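1. I would like the atomic coordinates for the input below:
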Amino acid sequence: MYLFSLKSFTSMSNYARLNARNRYASDIITRDIRSATAVTSATAEKLVLRLGGADLTYNYDENAGTLTRSYLEEDEVLLDGVKSLSFSLYQRPANGAAYEEFSVATATNAKLVGFQWECSRKVYGTEKNSQSLQAAIVKLRNK
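-> Sure, this is the predicted structure:
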């Protein structure tokens, strides 16, 4: 009973830390996208935004399983244990378009930025408490 309880409490603590880290990263990325004046470049693993006259970069390192935010010579690892991550760009919805129907965009005409990732942590050597963040699409307000 003791071992079962210990494993259960460890799993719950792990899940809470994972959830808090995902929420923090999502809040930071959303704030930065809304504050950006433009998308400089974007791939599925890397997003470069123009913010305050300088470039802000989000870079996903698949081998390390990390998402890093780089701005003004400072790097911050927002997420670790990332299994998959992707960024996508969309244009402003066309007149008469259905709800949430967005055309794919390039860096020059992007008005919306989408992101999604999946993180997991290990408990006792097995993957447990995997969590996928629902896809988010955020509008560049200053463009």
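
2. Neighbours of residue 111, how many?
-> When neighbours are defined as other CB atoms under 10 Å, residue 111 has 16 of them. (C-beta placed from N, C-alpha, C; glycine too.)

3. Excluding residues flanking it in the chain, which one is nearest it?
-> Nearest residue to residue 111, sequence neighbours excluded (CB to CB, 6 or more residues apart in numbering): residue 92, at 4.4 Å.

4. gap between the one you found and residue 142?
-> As judged by CB to CB, to the nearest Å, residue 92 and residue 142 stand 14 Å apart.

5. Which one of these two is surrounded by more residues?
-> Legend: neighbour count by other CB under 10 Å for residue 92 and residue 142, higher for residue 92 (16 against 11).

6. That one in helix, strand or coil?
-> Recorded secondary structure, residue 92: coil (DSSP: H, G, I helix; E, B strand; the rest coil).

7. Let me know the pLDDT of it.
-> pLDDT, residue 92: 80.

8. Could you look up the SS state of residue 56?
-> Quick answer, by three-state DSSP: residue 56 is strand.

9. If the residue lying closest to it once chain neighbours are set aside is in a bridge, with which residues?
-> Closest residue in space to residue 56, ignoring its immediate chain neighbours: residue 71 at 4.4 Å, by CB to CB, 6+ apart. Note on residue 71: beta-bridge partners by DSSP bridges are residue 56, residue 74.
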